[in-house]
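Asker: Sequence and predicted structure, then a few things I'm wondering about:
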Amino acid sequence: MNFWLHRCHGSLENELIAQPVHRAPGSIAENFAASSCDVSESMLGVACCLQEGSIWAVSADQTTSVIVTPLLFAEVTLAALPEGAWPDMAVVAVVPPQDSKGLKGTIIDGAENAGSLGWYVVIQGLTQAYDMLDALSGIGGLRCDLATSFSIADADDCVIGEGAYAKVLRMVSRDGSEVAVKQMNFTADYDSIEREIGALIQLQGPNVVGFRGVFWFVENEQVLFSAVLNLAPHGDLLYKVLKSGVMEENSSKPMFTGVLNGLLRMHERGIVHRDIKTENILLDAGDVPMVADFGLACYITDEAQMTRRCGSAGFVAPEVCLGTPYDCKVDNFSAGVILYFILSKEMPFSSANRDSAATMRKTVKCSLHLHRPPWDTMTSRLRNMLRQMICKNQEERLSAVEAMEHSWLVGKSKKDKAAAPLAASSEGPPDAPPRPSMSLHSEFSAMPPLEESPVALGAAESYIGDESEYSARPPLPE
Ligand SMILES: Nc1ncnc2c1ncn2[C@@H]1O[C@H](COP(=O)(O)OP(=O)(O)OP(=O)(O)O)[C@@H](O)[C@H]1O
Ligand SMILES: [Mg+2]
């Protein structure tokens with residue numbers, strides 16, 4: 001055990017108390033490290049560890065009790081202790097947010113509104129201290145040291161993606177691994193940041209993009225956030241289809257199963273993604289799909305969010321176009337559209353000039369024509385799967401579990417099963433990351449998100465004919 005709570009918190013597990021933090025100048029950890037020389041001899045207090053998203057005290061008989069929880073948006077900083085007195089020792093300061101809702105009551109809300117009590121973990125070994133800091137990041141610790149933690153390897157080729165809400169850069173971390181840094185556009189809606197980061201943390205596991213941390217900084221008096229993610233070495237699914245062409249029916253099975261598995265993780269935890277589309281499916285080594293971009297994700301129990309009409313035209317379900325109540329099954333409709341696209345390089349409800357309103361009208365009608373090429377050469381099980389996913393009626397539409405049990409997937413041969421791992425393969429290093437051609441990408445990418453497209457909304461509203469249905473929607477983003 002190389003972690004201790006500093007003695008200032010107390011020396012008995014059941015009597016530990018948080019301590020006032022000193023903010024300026026320098027970071028909280030730096031200020032503490034500077035002042036800790038005075039108490040160096042009795043510095044090490046109760047042993048502690050990090051598990052299940054909390055800091056726990058460990059007593060002499062190895063029983064644990066939780067000390068600091070939750071750590072989502074706790075301010076975390078690190079400083080080395082003075083070399084002379086304590087060589088290769090560091091302190092990690094953890095200041096939990098003052099409010100439990102959104103990012104209010106954290107340092108981004110101003111020092112005067114941030115938490116004023118913190119915890120100091122003393123760690124033997126600088127490398128271990130950085131590991132602890134990274135582990136805290138992975139469970140949502142809020143950091144401000146992006147610039148010193150990651151560097152750009154190639155300034156001319158660092159932009160790997162751009163969406164409606166963010167720019168994504170390839171960067172290199174301290175340990176040499178490549179990461180994707182999603183620099184989010186300015187938003188004053190901290191709840192949306194909390195939803196995206198909270199969903200990412202809760203969903204970590206197979207077929208969901210890996211989350212490394214959330215960082216903040218101030219630019220032109222605006223607070224900006226970056227989410228650091230594991231780099232998807234093979235880009236996104238749209239890029240793959242545009243580059244390599246349509247997939248064969250058999251090779252699309254593991255891909256689609258992986259997407260369904262990602263949906264299952266979400267839906268089991270009561271989270272709905274609401275923006276499932278090819279650009280938001282990233283590809284790991286071995287082309288294992290990972291669901292990404294939780295910018296529109298929310299809990300199914302969040303009544304205000306669940307009245308919101310959002311998503312991307314072409315992928316969005318009929319009930320969203322209509323503004324009627326919806327649930328997790330919206331993601332399954334979009335997954336069906338993904339399957340249709342990767343097999344045909346066509347969208348089921350496309351319209352001339354990428355007219356979002358016309359696309360949504362076709363979506364609401366929801367007629368699939370699968371008796372023509374290329375579908376007439378594919379199996380009837382596949383066509384049945386498509387019909388049950390791209391299905392107007394939510395009740396009749398397959399859930400993720402039902403789709404995974406559909407005969408098109410379970411009826412596959414043993415040979416297919418062996419070739420269809422869900423998790424990333426452990427074979428050798430991945431190929432060099434592709435260099436997505438942004439122009440190629442944007443030509444085919446989904447139409448603008450619904451909320452970004454007032455023209456489309458207006459037209460869709462007139463099609464539906466009842467404007468009052470949308471009055472509860474939040475204002476359009478600026
Ligand atoms: N971890 C990653 N590895 C590689 N590429 C990534 C990664 N994350 C994102 N990208 C690329 O960046 C693009 C934009 O990222 P993302 O979808 O998260 O941003 P966004 O602005 O929220 O998008 P949208 O317009 O869909 O709302 C993705 O479509 C993908 O091509
Ligand atoms: Mg996206």
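Answerer: Right, received. Where do you want to start? Keep in mind that this is a model prediction, so the values were computed, not measured. Numbering: from 1, shown residues only. Ligands and ions are numbered 1, 2, ... in the order given.
Asker: Tell me which other helices or strands the longest helix along the chain touches.
Answerer: Identified as the longest helix of the chain according to DSSP state H is helix 249-268. Applying 3 or more CB pairs under 8 Å, 6 or more residues apart in numbering; DSSP states H and E, one finds that helix 249-268 makes contact with helix 190-203, strand 289-291, helix 329-344, helix 400-404, helix 407-410. (C-beta placed from N, C-alpha, C; glycine too.)
Asker: closest one to Met385 among these?
Answerer: helix 407-410 (4.4 Å; CB to CB).
Asker: what does the stretch 201-350 of the chain put close to ligand 2?
Answerer: 280, 293 (CB under 5 Å from the ion).
Asker: one more time with 6 Å, if that's ok
Answerer: 279-280, 293 (CB under 6 Å from the ion).
Asker: Give me the neighbour count for Thr63.
Answerer: Here the number of neighbours of Thr63 (other CB atoms under 10 Å) works out to 10.
Asker: and what of Leu398?
Answerer: Leu398: 21 surrounding residues under other CB under 10 Å.
Asker: cool, and Gln128?
Answerer: Here the number of neighbours of Gln128 (other CB under 10 Å) works out to 14.
Asker: Distance check, it against ligand 2.
Answerer: 36 Å (CB to the ion, to the nearest Å).
Asker: and that residue, which of the three is it?
Answerer: helix (DSSP: H, G, I helix; E, B strand; the rest coil).
Asker: didn't it look like it was pressed against Cys49?
Answerer: No - Gln128 is beyond contact range of Cys49, at 11.8 Å (criterion: CB atoms under 8 Å).
Asker: follow-up on the earlier one: so which of the helices and strands packed on helix 249-268 is the most surrounded?
Answerer: Across these, averaging neighbours per residue (mean count of other CB atoms under 10 Å) puts strand 289-291 on top, at a mean of 26.
Asker: just checking, Ala147 is part of a helix?
Answerer: Yes - the assignment for Ala147 (three-state DSSP) places it in a helix.
Asker: excluding its backbone neighbours, what's nearest it?
Answerer: Nearest residue to Ala147 in three dimensions, chain neighbours excluded: Phe217, at 7.7 Å (CB to CB, 6 or more residues apart in numbering).
Asker: Count the residues that sit near that neighbour.
Answerer: Neighbours of Phe217 (other CB under 10 Å): 16.
Asker: again with Gly176
Answerer: Neighbour number of Gly176 under other CB under 10 Å is 6.
Asker: Quick check: closest non-adjacent residue to the residue at minimal distance from the centre of the chain.
Answerer: Most central residue of the chain, judged by C-alpha distance to the mean C-alpha position with CA atoms, centre = their mean, is Leu200 at 3.7 Å. Distances taken as CB to CB, 6+ apart place Phe211 nearest to Leu200, at 4.2 Å, with adjacent residues excluded.
Asker: Dig out what that neighbour forms beta bridges with.
Answerer: Leu229 (DSSP bridges).
Asker: Surely it and Leu229 touch.
Answerer: Yes - contact criterion CB under 8 Å: Phe211 and Leu229 qualify, at 6.0 Å.
Asker: Looking at these two, which is more packed in?
Answerer: Phe211 (24 against 21).
Asker: so who does the residue nearest to Leu200 touch?
Answerer: 138, 197, 200-201, 204, 227-230 (CB atoms under 8 Å, 6 or more residues apart in numbering).
Asker: Among these, which pair sits farthest apart?
Answerer: Greatest spatial distance in those: Ile197 and Asn230, 15.0 Å, computed using CB to CB.
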